[in-house]
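Chemist: below is the sequence, then the predicted model.
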Amino acid sequence: DTAVSQTPKYLVTQMGNDKSIKCEQNLGHDTMYWYKQDSKKFLKIMFSYNNKELIINETVPNRFSPKSPDKAHLNLHINSLELGDSAVYFCASSRSSSGNEQFFGPGTRLTVL
Amino acid sequence: AQSVAQPEDQVNVAEGNPLTVKCTYSVSGNPYLFWYVQYPNRGLQFLLKYITGDNLVKGSYGFEAEFNKSQTSFHLKKPSALVSDSALYFCAVRALYNQGGKLIFGQGTELSVKP
């Protein structure tokens, strides 16, 4: 059983396009996250949702818009893609936002040409 | 401001030898500390955490970590390394309670275990 799943696994697209990455967790967790891992493997949080409500919004360009239709899903939509958006994007979830360990998805490798 | 430092980009160990991956942190108040492992082209896997209680925490795959408040460290250890332990290891600290579970990660340490 896949706990946290993401689609697609790979995404190659042109500059200026709009794309979405989907994330689903079947763990019954209340909190979900998006992280960005750059080419040097550095991980940084982008967004966090708790019960469909946005609770963390780091200084991410507003071209990035998360959407949580229900607490099992957190999708990431990116408008007007730029070269610097190329990275691996990880979705994660935790039981709550109060210190529980986070479970990560397999990642989506985004390449912007 | 909260931060995590992993002073070694790479650690090389011979199979069967003990291994240590270092982590120091800076956080206001009591820290929640975590170790994660990332195998190539995979997501992060949770290894262990320290919230409160015993300073020595045991986790998955025979790993353990020791919380040292005076040295603000949380080093990851294993008594006998395996080649299959070769991976990228991340230490993380949870930010203050009102920051929604945000994890601040160290820069990662590449562990290489040779036969």
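Modeler: Thanks, I have the structure now. Numbering: from 1, shown residues only, chains lettered A, B, ... in the order given.

Chemist: any idea how far residue B:50 lies from chain A?
Modeler: For residue B:50, the distance to chain A (C-beta to the nearest C-beta, to the nearest Å) stands at 10 Å. Just so you know, the C-beta spots here come from the backbone N, C-alpha and C atoms, and that holds for glycine as well.

Chemist: verify the stated contact: that residue with residue B:67.
Modeler: Yes: counting by C-beta atoms under 8 Å, residue B:67 is a contact partner of residue B:50 at 4.6 Å.

Chemist: lowest confidence element among the helices and strands of chain A?
Modeler: Every helix and strand in chain A was compared by mean pLDDT, DSSP states H and E; the lowest is strand A:53-57, with a mean of 85.

Chemist: quick one: which helix or strand includes the residue nearest in space to the middle of chain A?
Modeler: Note on chain A: the residue nearest the mean C-alpha position is residue A:34, at 3.2 Å, using C-alpha atoms, centre = their mean. Using DSSP states H and E, the element containing residue A:34 is strand A:31-37.

Chemist: helix or strand next in line after that strand, which one?
Modeler: Assigned by DSSP H and E, the successor of strand A:31-37 is strand A:43-50.

Chemist: check whether that next one comes near chain B.
Modeler: Yes: using C-beta under 8 Å from any C-beta of the partner chain, strand A:43-50 reaches chain B at A:43, A:44, A:45, A:48, A:50.

Chemist: I'd like those residues as TSV, with pLDDT and neighbour count appended.
Modeler: Formatted as TSV, the residues of strand A:43-50 next to chain B follow (pLDDT from 0 to 100; neighbours: other C-beta atoms under 10 Å in any protein chain shown):
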residue	pLDDT	neighbour count
A:43	93	22
A:44	91	16
A:45	91	24
A:48	91	27
A:50	88	21
